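K.L.:
quick check, what structure comes out for this input:
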Amino acid sequence: MHRMFTVLALAAAGYGLWVLFSVPEPDVFARAVASNNPSAYSNWAVGLVTGLVLAWLSIIDWRGFPGRFTTWLGVQRRRLGLILIGGLCAGVLLLF
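P.N.:
Predicted coordinates for the structure are as follows:
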């Protein structure tokens, strides 16, 4: 699945570059429309980033995620407790 998203992202990048460099000289009306729409040439970049993010997300083992997250919380328990105590102290100092 992640290979498909990667191929789609690369295809979007290639298509975007092709559109950027193969556009004929626009007429006066098209130039006015393009100047009023600043995102006309950046929409393909958003599609490219979306494809790359989907490819990255499809690599993650989501079935093992709850176990890994629980293990991480157990390791970070002391740090999270200190953050909680620091937040309470800062709240007391700022509000009273």
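K.L.:
who's in contact with stretch 48-56?
P.N.:
Residues outside stretch 48-56 that contact it (C-beta atoms under 8 Å, 6 or more residues apart in numbering) are His2, Arg3, Phe5, Thr6, Leu8, Ala9, Ala12, Ala13, Gly16. Where C-beta positions appear, they are placed from N, C-alpha and C, glycine not excepted.
K.L.:
same question for stretch 80-95.
P.N.:
Here stretch 80-95 has contacts from Leu73, using C-beta under 8 Å, 6+ apart.
K.L.:
run the chain-centre distance for it.
P.N.:
31 Å (C-alpha atoms, centre = their mean, to the nearest Å).
K.L.:
now do Gly91 against Arg79, distance only.
P.N.:
The spacing between Gly91 and Arg79, counted by C-beta to C-beta, to the nearest Å, is 19 Å.
K.L.:
so what are the domain limits for this protein?
P.N.:
Here the domain assignment for the chain is 1-60, 62-96, based on automatic domain parsing.
K.L.:
end-to-end on the last one?
P.N.:
What that stands for is domain 62-96. 45 Å (C-alpha to C-alpha, to the nearest Å).
K.L.:
next, Gln76: phi, psi?
P.N.:
Listed backbone geometry of Gln76 is phi -90, psi 10, with angles given as degrees, to the nearest 10.
K.L.:
tally of neighbours for it?
P.N.:
Gln76 has 11 neighbours, counted by other C-beta atoms under 10 Å.
K.L.:
and Arg31, what's its pLDDT?
P.N.:
Arg31 carries a pLDDT value of 61.
K.L.:
what's the average pLDDT for stretch 14-26?
P.N.:
For stretch 14-26, the per-residue pLDDT averages 72.
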